[in-house]
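In: what's the 3D shape of this:
(2 chains, ligands or ions: 2)
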Amino acid sequence: MTLVLAWNNVRTNRTGLAASFVAVLLAVTLVGGNGLVVAGASTRDELHDIIGLLVLSALVSGFVSVFVVAGMLSMHVLRQRRTWALLRSVGMTPRQVRRLITVEALVVGVLASAAGCALAVPYAALMAALMRMAGLAPGGIPVEVTAVPFVLASVVGVAVTLPAARLAARKAVRVGPLEVLRESAAQRRLLPWPRAVAGVVALAGGVVLLWLVPELTPKDAVPTGLGATMALCVGASALGPVAMRLLGLLLGAVAAVLDPGAGMLAGSSVVTQPRRAMSAASPVMLTVALACTFMFAVATSDAAEGVTRSGPAAWAAPLLVGSAVVYTVISVLNATAMTMDERSEEIRLLRTVGTGPGQLVRMVCWETLIVTTAGALLGTGIAAASLAALGKALTGEAWFAYSLPQYAGLVVVCAVSGLAGGLVSTRGARRGALLADSQG
Amino acid sequence: MDDHAVLLEGVTRTYGKGATEVAALRQVSVGFRRGSFTAVMGPSGSGKSTLLQCASGLDRPDAGAVRVAGRDITRFGEKELATLRRDQVGVIFQAFNLVPSLTAWQNVILPSRLAGRRPDPARVRELLNRVGLAGREGHRPAQLSGGQQQRVAIARALLGRPEVLFADEPTGALDRGTGHEVLALLREAVDAFGQTVVMVTHDPEAAARADSVLFLTDGRIVDVLYRPSAEQIGARLGGRR
Ligand SMILES: Nc1ncnc2c1ncn2[C@@H]1O[C@H](COP(=O)(O)OP(=O)(O)OP(=O)(O)O)[C@@H](O)[C@H]1O
Ligand SMILES: [Mg+2]
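Out: Ligands and ions are numbered 1, 2, ... in the order given. Have a look, this model is predicted:
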């Protein structure tokens, strides 16, 4: 019986499942591949200088992977709240629901990890080749297939997927079935206290690291600054719904003035569902915060030492965070697609009261833009704080080097990725039959 | 001919394929006169909701034509349909009528806002009062009961004074008093503003407020009564069983 239900669930939740699968698969590829590169580099003495940087970028990838996979899985489970509530109202016990969710997460975790491990080898070879071309490792990095990176990667794949799903499952079944069926989702507490505590602790940890950075030697300052960025990201993502509601009110008001119908709909959706909006904004925040901290930290340290890089060498820093950034950008698409997919019923209803096709497209775009802007603002704030602390460590002043085109490019890529996810996932609801699965 | 607000010509709608095929409407031809109030009755599953969905342009029939103000809406594109729903046709469903993220007030004014109009707040307030929702303007759908949600949808459909109003069991979830008020509103839409109302109902008393009553069975119109009393309708329904 559980298996039949699980299978039905899988069939009716293709978007969520595909997004979770892709998230885990890419995370495992990223962690495994980076692990292989580090393992390969550590066998060569002449690569001693860059091994620190490689480890750092591998750590960044690992952090990003855990962050994204955990977020995605919990979104995947929580967005099916109605299904879980229905199953419970017909007599399924919370335990059975949790088991159903665990089985599904296990299948996704194992399959995606296996595929990710297979992809890690060509990915590592590609990264090694790129590093040779950028002059980071002129002699090349030997990539050998060893066990440890795969074990690490699979740990991310399965050991993050499973607890994330189980935690979300616990939350999902704690809510009474009736509460969910009456769509009181909007009334749910904005910030349950465990989440608030976790957020405050992470933020405090980040602030402590920021405060430590100027006291450290330049060599230790960069990793510590990155650590501060990561901790602040975790904190901001936990406390995000509060910030999201405020930013939603502000940006939503702007959108409503520019485009009364569609803008108002977009704004009110962010304000009433700030947690949903934050799940889509988190990857944007992460992308902007990490990429800016890493790239501009290198630029600041170069400026402090009077180094100027040109040609392929200028690409070394972007290259090291590149794949992690590509991963988070894909997650922006994934997360936006998931949050928008949830809205099919609402979009069909909007059509029945006369919302035109153009207005629907604009509504999806406005909402995505509000969410990405909010994420980008949070990410920018976090990066600026870390970079200022780093600047103090490297140059003695709260100053840092940055490149406006690189920053703007990053934000635009996030926005485009979000727009693509939002528009593609709502296509069916915007254009298909009006009464597809809702009875009139 | 021309005084029909909505005219269905040989409308057929079939759901599913093969073994699961259900003919919800079979060759239905019927006209709704401008400024008339029509009730549609029939057993559950007889095709009442499907008739409303096809007539209001929410669903496309497999065959036949649906004319609203003389134009065949089965040939309309999405954009024309959106304008039609916003300005000419109002629909009230059996369930899930409201946008969850908007308050009752915002839901009521939504179609006007989409059309770029600013509705008169006094009239919005009056409509909400009359459907018994005074003081509930700021509530979101999750904070309203099923019947209250449906009444918000009724206020929304009435606000724009559309030429045609389709309502699927608008009093099904209401107590007698509120139900009467809703029927009075629909009646007033017809008598005072010349709107056309088509209402699906299972309640003979509600149907008795209409000018005519259509009876649907197995996707066909099997009978029509003009200005019947509740007793006549009850007898007609009872006689079939
Ligand atoms: N989306 C659909 N897919 C398949 N069959 C459908 C669909 N919608 C309706 N039907 C079938 O078409 C027939 C008519 O349905 P309809 O909803 O019009 O009935 P109804 O007269 O409104 O019933 P009720 O009084 O219960 O609301 C039914 O047999 C129903 O099972
Ligand atoms: Mg019906």
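In: residue closest to the middle of chain A?
Out: Geometric centre of chain A, nearest residue: A:P283, 3.0 Å, by CA atoms, centre = their mean.
In: can you tell me which helix or strand that residue belongs to?
Out: helix A:274-305 (DSSP states H and E).
In: so where's the chain uncertain?
Out: Picked chain A for this. A:1-6, A:9-10, A:89-91, A:175-189, A:436-440 (pLDDT under 70).
In: sorry, should have said chain B
Out: Checking chain B against pLDDT under 70 turns up B:1-2, B:239-241.
In: Tally up the residues packed near the nearest residue to B:E80 once chain neighbours are set aside, please.
Out: Among residues not flanking B:E80 along the chain, B:I73 sits closest, at 7.8 Å (CB to CB, 6 or more residues apart in numbering or on different chains). Where you see a C-beta, it was placed from the backbone N, CA and C, and this is true even at glycine. By other CB atoms under 10 Å in any protein chain shown, the residues close to B:I73 number 21.
In: Looks like B:I73 contacts B:A82 (just checking).
Out: No - counting by CB atoms under 8 Å, B:I73 sits too far from B:A82 to count as a contact (11.8 Å).
In: dump the residue contacts of the residue lying closest to A:G240 once chain neighbours are set aside.
Out: In this structure, A:G240 finds its nearest non-sequential neighbour in A:M278, 3.9 Å apart by CB to CB, 6+ apart. Neighbour list for A:M278: A:S237, A:G240, A:P241, A:A243, A:M244 [criterion: CB atoms under 8 Å, 6 or more residues apart in numbering or on different chains].
In: One more pass at 6 Å, please.
Out: Contacts of A:M278 were listed using CB atoms under 6 Å, 6 or more residues apart in numbering or on different chains, and they are A:G240, A:P241, A:M244.
In: Now residue 122: which helix or strand?
Out: Just so you know, I chose chain A. Short version, using DSSP H and E: A:P122 is in helix A:94-133.
In: looking at chain B here, not the other one
Out: Residue-wise, B:A122 maps onto helix B:121-130 under DSSP H and E.
In: so what's B:S46 closest to, chain neighbours aside?
Out: B:L216 (4.5 Å).
In: A strand includes the one you found, no?
Out: Yes - judged by DSSP: H, G, I helix; E, B strand; the rest coil, B:L216 forms part of a strand.
In: helices and strands around the helix holding B:A122, which ones?
Out: With contacts taken as 3 or more CB pairs under 6 Å, 6 or more residues apart in numbering or on different chains; DSSP states H and E, helix B:121-130 sits against helix B:146-159.
In: Next, the angle helix B:146-159 makes with the longest helix along chain B.
Out: For chain B, the helix reaching the highest residue count under DSSP state H is reported as helix B:176-193. Going by axes from the mean of the first three to the mean of the last three CA atoms, to 10 degrees, helix B:176-193 is angled at 10 degrees with respect to helix B:146-159.
In: number of nearby residues for the residue in chain B positioned nearest to chain A?
Out: Residue nearest to chain A within chain B: B:R86 (2.7 Å; CB to the nearest CB). By other CB under 10 Å, 23 other residues sit near B:R86.
In: Mind telling me what element it is part of?
Out: helix B:78-87.
In: Same check on B:R60?
Out: B:R60 belongs to no helix or strand, assigned by DSSP H and E.
In: quick one, phi psi at it?
Out: Main-chain torsions, B:R60, degrees, to the nearest 10: phi -100, psi 130.
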